[in-house]
Each structure stands twice: as C-alpha cells, then as structure tokens.
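A.B. asks: dropping a prediction and its sequence here:
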Amino acid sequence: MESSKKIKILMCCLGPETHNRGIITVSSMLREAGMEIVYIGNASPEEAINAAIDEDVDVVGISSLSGAHLKLGSAMMEVAKSKGLWGNVVFLIGGVIPPKDISKLKEIGYHAVLPSGSTREEIVSCVLKCSA
Amino acid sequence: MSEANNSIANKTTRQILNESFCNERKAPLYDNEALSEIRGEFDKWQNTSVRTENRENWFEVPKTVLGSETPRGLVYSPLNVSKLDYMNDLGNPGQEPFTRGIHSNMYRGRTFTQRQLVGFGAPEDTNSRIKFLLEHGATGINLLFDMPTIQMYDCDDPMSKGSVGSCGVSVNHVDDWDLLFDGIDLAKETVSIVTHYPSNTAILFPMYLVLSERRDIPWNQLKGSVQNDVTMEELVRNAAEYIPPEDCFRVECDNIEFIRENVPKWNFITLNGYNFREFGTSGITQMAVAVSHAMAILDEMQKRGHDVDWVGERLAFFWSVGMDFFEEISLLRAVRRLWYKIMKYKYHAQKPRSMWMRCHVQTSGISLVREEPLNNIIRSAYEALAAVLGGVQSLHVDSYDEAYAVPSEEASLLSLRNQQIIEHETGVTSVVDPLGGSYYVESLTRELEEKILSEITEIEEHGGYVAAISDGFILQKVYNYFYEEQKKLENGVIKIVAHNWQKTTHGKDIEAFKYPEEAEVVQLERLNKFKAKRNSLEVQESLNELYKACKSGINIVPYTLNCARSGCTVGEQWKVFKDAFGVWKRPGLF
C-alpha cells in the first residue's frame, strides 16, 4: 500500500445486532488515526461484502456483541472467499467474544480479534500492522 | 379559553413549577440564629482545621463511568440545606412529594421485586431457565428476546441467519409463546416482557394476549409490563431500517391506549432510562429524556381525549444505576420529587398513584469489564445497594460474566443471590429512606433535581421530545458524552480497577456461557410447520387490514391482535409497518 493513501475501512454489524456504542467508538478512534471510515451500520454477510467491493476498502471491521460472531463471522468469510476478496482485504472482528472463540475466528480467516477492553492503541496499531 | 391554554402551552415546565411554588409557605428546619452560629463555627473550622490544599480544592469532581461530574464539597453541613422544609421538600414516606418513597412502609410492606432477565435459544431453553430462577426464589419474570425478534425479523429471514437465539429467546408466532410459558401460570406470575420498541410491542404483546385466551385467563388478571419505548426504537437501537419517529410515537400511544383499556393491570410502558444511559450518557440525561418522553405521552393522550390520571397511574420508569454511589441514590430521590411536582402542578393529576415515580432498576452493564471478571460482582452489589437505598420497586442485577456472553446459570443465580443477600442479610430494608436528612444526600438531591429540570427545559426549547429525536439533537448529545468518556477511560481520568488502573497481569479468562447450538434449526423447522397449518387467505387479509389501519390513523392494536389470532408472524407484521410508514434515515455521525 502506498504510504500517502488513507486506509479505508468498512465498519459494520452483521445481522440484527442492536448494540452500537462499540462500533461508533472504534470508528471514531480509527477516523482520528487518519483512516477513512465507511460506516454502514447493520448488514447481512452478503450486503457487507458487496459494500466492501463497491467501496473498494482495505479493511473490513465487524462488531459483534450478541453471540453470533462465529456463525455470522464464518458466513461472511465464505462470501468473501467466493467473491475473491479474501487475501486482498484485511478482516477484523471485535466485541463481546469469549476467549475460546478467538482462535476459532482466526482459523476462519480473521486477521485479528479485538475483544471488549481493547485499547485505542491496540486497535489502531492492529489495523496498521494488518494492512501494512 | 384557548388563549389561556396557549399561554400554558408556551411555558416551559420550569416556569410552570416556579409559578406554582412562588407562594408556598416555607417552614425551614433551621432558624436564622442557629444558622448564623453554625456559619461562624464552620468558617472558623474551615480556616483553622482544614488543610490549605483541601480548603483551596474544596470541591472534587467524582470521575465515574456514566457519571454527571457534579462537584462535591469536602463535607456537608446544615449550611448546604439551610432552606430544607421537611413537609414540603421531603414529607413522610408515602406522602407528597414522595421524596422518601412512594409507600409509607416501603420494603416492610412489599420488598423490591427480584426480577432477573432471562432469554436465550429456543422457547424451551428459556422456559427451563425461567423455572430454574423461580424455583430459586425469583419473584418476577423478565423476558428478553433474541436480536432477530427484537428487530422484528422471522428466523427464516436472511437477516436472521446465524443470530437466532443469541442474546435472547427466539419468538416468531403465538405457538412459540405457548412453549415459552409452558407450565407457567400467567395469572400468577408478573411478567416483564422486554419488547424494547413500540413496533414490536404492537406485534408481540397481542400474541401474549392470544395465549392467555387459549388458556382461559381473562386479560384483566394479567400483570406485568412491556417496554414500548420510542427512545429504544429511534435512539438506542442500531438497525438497518427505522420507521419515522412520529409514526413510532403514534404506535407507542396506540399500544398505551389499547392496553389501558383492555388489560387494566398491565404497565403499558416502561420509560427508558436504562438502555439509553448505557448507550452512553449521565444519570441526569437519562432522567431528563424519560421525563420529557412521559410528558409527550401525556400531551398526546390528552389530545386523544383521555384523562391524565387514567394514563398517569400506570406510567412506570426504568433506570440504570451506576457507580457514583451517592449520586445514584440522590438521583432516584430527585426524580421522584420532580415527577410528583410535574404531575400535580403541570398536569393537575388527582390520584396520588399518578404522582408516583414507580421504577424498575438494572445495575449498569457498561460499568462491568472483562478483566478479572469476579470484580464485577462487587461493582453490581454496590449498584444494587444504591438502588435499594434509593427506594426502587423492582431490580435486576447484572452478572459478572456479561463481558463474555449472556450469563451462565451459575452467574445468573449469583445475581439473584446478590439481591437476596441485600434483602435478608444486611438489614437495610428495615428503615425507609435511611439516608433522608443527610446534609449531603439532601443537598445533592436538590442539585440533581435542578439539573434534570434544566435538561428537560433544553429539550422543550428544542421543540419537544419527538422533535429532539427527529433532528438528531439527543443522539448528538449521547455521542458527545461517550466520546468524552472514552477519552477519560483512555487517559486514566476515570479509573476502573484491573481494566485501566492496576492492570491485571495474570488474570485468567472464565468459561463463558455457550448458546444452545440447535436453536436456529429447531426454530426454522417449527416456523415452517406453523406456516403450513395456517389459513393463508386469512393471514393475507389480516395483514391487509393492518396496513389500512396504519395508513388511516386509527388505533392499530386491534389489527395486530387480529394478526396474532390468524397466525401472522413477527416479520410479516414488521414488513407491513415499513410499507405503511416508510423508512426513516436516522441522523448519524459517519
């Protein structure tokens, strides 16, 4: 990636997730770190991937607080792989995620998992490192 | 007459209250002679015994999660409450202005209802957890739906895939309600149905009514509450689609009207409060928003020709209680007094019950953290104690593992035990309003009441509650608050033990609750079977009638009731709402 180009991130909640304080807070942090945020709120896995393609983003950030991270997280990854996005885009997921599921999410294809409690520094440096 | 009414309509609540109290007889507790002696001694003490650094930094601002940052003096004395008039400002418990509680005997008469939230998986999963809690002494049911149900998608909707049974119970139609309440007596238990929104209250509550018909229980025996709250649907909620705030508010009032007329013991709204504060704002703002909302309802119901008391005596509130211990207690006392004043002097309510600020309280979820999760038990216990000292009617205590998943059975029981220990082991329920008369608490109560009223005035000057939602005014306020709070958490101004202060180096993660895997499959199969046995002509007709009712402006609940009877699903009715009302684009940050 060219150093002059802003990192562009799609931020969304998959499915009917109602909690949004986390995604808004993280979006603000990343915007303040100089990144471009495409905030689409709620989307189905298909809608999220289509938006990622349309917006030509570098990173897809998913917020999950209601326990559907494995099911919806893998559903989205399947769509991403079938549309050739995996390998070209960085996938990150955060929120209320039990410790045991972190390695599972990485196996599915997420580059990093940021559970609740992650700091601004951890989040920003994770995005920078993954998209380098 | 219209001229006089107009001039009242143009006045702010603060102006109306000020005029009502300007000629009030004052009987302050302290006479001037005593006060001037106290003042003399206090000044002398302050200048000689108090260290210079404390004297110069007399006020300290508590930095807490969801706090209001109201400055606190080093100590409080009669000088801070010099005008306190016992009968006018406090009264005895159960007496106007109800500062000390809405009942004369409070918890000696009836303890706070111990109502723990339950909901996960398919209806049968939640049914067994409800029974587990009731068997262990819970005194009420508090029912939470899964994300698809809350957002009004059926389990077979593409949007629901992967979320069925997560964070609540999946309910699509009336047969699911039957399973959910299998072996539970609807006439005996009080059931809080946490519907969240006006739209899904209009859809889900009629299904509960149809269930009671099936079991031959008359509606007038049903006791409990629904949320039915425009604040939840238009402000707190994160969603792909919203209906416009004006229509949402109308659905809310339709629910109120229908339930009041037909299910007389049911609390038709739980003014929020809780989720709004947890979204990210202070206790003061949560109360200003809920009270402004309540006034919008009373205005609308009067326009519809209803009596203030008819509505007022069943209004109930739902608060979040956070970590700033004395502020939380004082807030509950403050809003109780303010609500009384508003009902009596602005709305001229006649029945004392209409002037009661009745409330359910939940301890703050946002104050709980992932690091060293057992510490959360301690946090919740302080919050629960503050709620009880504040004189609440009903309580849910959050569980220590909620930063990981919904509570496990063990964690859920522990929260119930937390309540039982307060009630039976600490002795705090023996005395009503034990902190009443404290110089500190009375001074803080007065200050917070004033601040709540100021924020109410702000909303009124902005065109009222629904307008302040529509143009994003309230939402922006919340965004600003939690943006600032986030910075304070990051730079350590707000300290949370083991999270950003004394950070844990060796804490181990806990075993989180695991959702029942098969809920989605079970629910899909059940929905297909249910749809196959319905009369599809009847279903279509009911939905068409509902659409017409939405468009015409008549009360829609008889039509959603009809939909429930003919077997329409949650998702089918939500689609009608979207078609009839159109979709609103909420003002956003990004």
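C.D. replies: Alright, I've got the coordinates. Numbers count the residues shown, from 1 in each chain, chains lettered A, B, ... in the order given.
A.B. asks: so where's the chain shaky on pLDDT?
C.D. replies: Went with chain A since none was named. The model of chain A has pLDDT under 70 over residues A:1-4.
A.B. asks: should've been chain B
C.D. replies: Scanning chain B with the threshold set as pLDDT under 70 gives B:1-9, B:505-509, B:589-590.
A.B. asks: can you map out the strands along it?
C.D. replies: Under the criterion DSSP state E, chain B contains strands at B:113-114, B:117-118, B:141-144, B:191-194, B:224-226, B:266-267, B:270-272, B:316-321, B:359-363, B:394-396.
A.B. asks: for residue 70, what are its contacts?
C.D. replies: Assuming you mean chain A. A:101, A:104, A:105, A:108 (CB atoms under 8 Å, 6 or more residues apart in numbering or on different chains). For the C-beta atoms, the positions are set from N, CA and C on the backbone; glycine is no exception.
A.B. asks: my question was about chain B
C.D. replies: Counting by CB under 8 Å, 6+ apart, residue B:70 makes contact with B:61, B:62, B:327, B:444, B:447, B:448, B:451.
A.B. asks: try 10 Å
C.D. replies: By CB atoms under 10 Å, 6 or more residues apart in numbering or on different chains, the residues touching residue B:70 are B:59, B:61-62, B:282-284, B:324, B:327, B:330-331, B:444, B:447-448, B:451.
A.B. asks: from those residues, which land in helices?
C.D. replies: Mapping those onto helices (DSSP state H) picks out B:283, B:284, B:327, B:330, B:331, B:444, B:447, B:448, B:451.
A.B. asks: closest to chain B out of the contacts of residue A:70?
C.D. replies: residue A:101 (8.5 Å; CB to the nearest CB).
A.B. asks: within the helices and strands, which one has the closest one?
C.D. replies: helix A:99-108 (DSSP states H and E).
A.B. asks: who does the nearest residue to residue B:112 once chain neighbours are set aside bridge with?
C.D. replies: What sits nearest to residue B:112 in space, not counting adjacent residues and going by CB to CB, 6 or more residues apart in numbering or on different chains, is residue B:395, at 4.9 Å. On the basis of DSSP bridges, residue B:395 is bridged to residue B:114, residue B:361.
A.B. asks: could you measure from residue B:395 over to residue B:532?
C.D. replies: 43 Å (CB to CB, to the nearest Å).
A.B. asks: so the two - more neighbours on which side?
C.D. replies: Taking other CB atoms under 10 Å in any protein chain shown, residue B:395 and residue B:532 do not tie; residue B:395 has more neighbours (27 against 8).
A.B. asks: surely the more buried one meets residue B:361?
C.D. replies: Yes - in this structure residue B:395 lies within contact range of residue B:361 using CB atoms under 10 Å: 5.4 Å.
A.B. asks: overlap of the contact sets of these two?
C.D. replies: B:112, B:115, B:321, B:383, B:384, B:387, B:388.
A.B. asks: most neighbours, which of the residues you listed?
C.D. replies: Neighbour counts for these, by other CB under 10 Å, peak at residue B:321, which reaches 33 neighbours.
A.B. asks: strands of chain A, start to end?
C.D. replies: A:8-14, A:36-43, A:59-64, A:90-95, A:112-115.
A.B. asks: strands paired with the third one, and their directions?
C.D. replies: When you say that, I think you mean strand A:59-64. When DSSP bridges is applied, strand A:59-64 pairs with strand A:8-14 (parallel), strand A:90-95 (parallel).
A.B. asks: go on, the shortest one?
C.D. replies: For strand A:112-115, the paired strands and their directions (DSSP bridges) read strand A:90-95 (parallel).
A.B. asks: so the strand it pairs with versus helix A:99-108, what angle?
C.D. replies: With axes from the mean of the first three to the mean of the last three CA atoms, to 10 degrees defining the directions, strand A:90-95 sits at 160 degrees from helix A:99-108.
A.B. asks: now strand A:90-95, how far from the centre of its chain.
C.D. replies: Chain-centre distance of strand A:90-95: 4 Å, with CA atoms, centre = their mean, to the nearest Å.
A.B. asks: check stretch B:382-402 too.
C.D. replies: Using CA atoms, centre = their mean, the offset of stretch B:382-402 from its chain centre is 13 Å.
A.B. asks: same check on stretch B:21-37?
C.D. replies: Centroid separation between stretch B:21-37 and its chain, computed with CA atoms, centre = their mean, is 36 Å.
A.B. asks: list the buried ones in that stretch?
C.D. replies: Using 16 or more other CB atoms under 10 Å in any protein chain shown as the test for burial, stretch B:21-37 gives residue B:35.
A.B. asks: quick revisit: how about TSV for the strands of chain B, with distance to residue B:521 added?
C.D. replies: Compiled in TSV, the strands of chain B are given as follows (distance: least, CB to CB, whole Å):
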stretch	distance to residue B:521
strand B:113-114	34
strand B:117-118	22
strand B:141-144	21
strand B:191-194	25
strand B:224-226	29
strand B:266-267	34
strand B:270-272	33
strand B:316-321	34
strand B:359-363	32
strand B:394-396	31
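A.B. asks: quick one: which of these is nearest residue A:31?
C.D. replies: Nearest to residue A:31 among the strands of chain B is strand B:316-321 (28.0 Å), distances taken as CB to CB.
A.B. asks: got the CA coordinates for that closest one in PDB?
C.D. replies: Only the C-alpha atoms of strand B:316-321 are listed here, as PDB (Å, rounded to 0.1, in the frame of the first residue of the first chain):
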ATOM      1  CA  ALA B 316     -43.500   3.300  35.000                       C
ATOM      2  CA  PHE B 317     -39.800   4.100  34.600                       C
ATOM      3  CA  PHE B 318     -36.700   2.000  34.100                       C
ATOM      4  CA  TRP B 319     -33.400   3.400  35.300                       C
ATOM      5  CA  SER B 320     -29.800   2.400  35.100                       C
ATOM      6  CA  VAL B 321     -27.900   2.700  38.400                       C
END
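A.B. asks: so what are the sheet partners of it and their directions?
C.D. replies: strand B:270-272 (parallel), strand B:359-363 (parallel).
A.B. asks: ok, the residue of the stretch 201-350 of chain B found nearest chain A - how many residues close by?
C.D. replies: Closest approach of the stretch 201-350 of chain B to chain A (CB to the nearest CB) occurs at residue B:238, with a separation of 3.5 Å. Neighbourhood size, residue B:238 [other CB under 10 Å]: 21.
A.B. asks: for it, what are its contacts?
C.D. replies: A:13, A:16-24, A:41-42, A:63, A:65, B:151, B:279, B:586.
A.B. asks: for residue 81, which non-adjacent residue is closest in space?
C.D. replies: Picking chain A for this. In this structure, residue A:81 finds its nearest non-sequential neighbour in residue A:109, 7.4 Å apart by CB to CB, 6+ apart.
A.B. asks: nope, chain B please
C.D. replies: Closest residue to residue B:81 apart from its sequence neighbours, by CB to CB, 6+ apart: residue B:442 at 4.8 Å.
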